[in-house]
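Undergrad: Sharing a model prediction with you, sequence too.
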Amino acid sequence: MRFLHHLIYEYKKGVRDFILCTLSGESEDKVKFKLERNAIKYEIRKLDNGNINVFFGKDECMRVANKICINKPLNLLSPEEDFILGILLGYSISEQCSRYCKRRNIRNKEKEYV
């Protein structure tokens with residue numbers, strides 16, 4: 001729960017607009033209470049192993065995430081959906097581009113840029 005408190009702090013300070021964290025399923029009620037108490041929009045998805053994925057953040061980010069990834073297992077995301085989720089989560093753009101290229105099997109020398 002300490003980790004969740006830190007993520008909420010970062011969200012409220014504007015460091016992050018959208019967050020995904022995986023927590024123990026036993027903490028679900030505490031997570032809901034804390035996010036609702038802070039008036040933060042969230043979605044919780046139960047995982048097969050008993051853990052939960054907690055998505056929370058700004059309304060516009062939640063809308064996009066709901067459209068692309070919240071309702072399916074993350075390992076089933078298309079390369080495009082995975083890219084969008086990574087960008088929403090604030091991951092390095094160049095790292096996300098590299099990840100996308102690997103998932104799409106795009107070779108480094110496929111096209112030369114001038």
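TA: Perfect, I can see it now. Numbering: from 1, shown residues only.
Undergrad: mind listing the helices in the chain by residue range?
TA: 2-13, 28-37, 59-68, 79-88, 93-104 (DSSP state H).
Undergrad: and among the ones you listed, the most buried is which?
TA: For the helices of the chain, the largest average neighbour count (mean count of other CB atoms under 10 Å) is found in helix 79-88, namely a mean of 18. Where you see a C-beta, it was placed from the backbone N, CA and C, and this is true even at glycine.
Undergrad: what's in contact with that one?
TA: 17-18, 20, 57, 61, 64-65, 68-69, 74, 77, 93, 95-97, 99-100, 103-104 (CB atoms under 8 Å, 6 or more residues apart in numbering).
Undergrad: can you rerun that using 7 Å?
TA: 18, 61, 64-65, 68-69, 77, 93, 96, 99-100, 103-104 (CB atoms under 7 Å, 6 or more residues apart in numbering).
Undergrad: Now do it: distance to the chain's middle.
TA: Centroid separation for helix 79-88 versus its chain: 9 Å, with CA atoms, centre = their mean, to the nearest Å.
Undergrad: Can you show me the CA trace of it as CSV?
TA: Provided in CSV are the C-alpha atoms of helix 79-88 (Å, rounded to 0.1, in the frame of the first residue of the first chain):
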residue,chain,number,x,y,z
PRO,A,79,1.7,-3.8,-30.9
GLU,A,80,-0.3,-0.6,-31.4
GLU,A,81,-2.3,-0.9,-28.2
ASP,A,82,0.9,-1.7,-26.3
PHE,A,83,2.6,1.4,-27.7
ILE,A,84,-0.3,3.6,-26.7
LEU,A,85,-0.4,2.2,-23.2
GLY,A,86,3.3,2.7,-22.8
ILE,A,87,3.0,6.3,-23.9
LEU,A,88,0.0,6.9,-21.5
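Undergrad: for the record, mean pLDDT for it?
TA: Averaging pLDDT along helix 79-88 gives 96.
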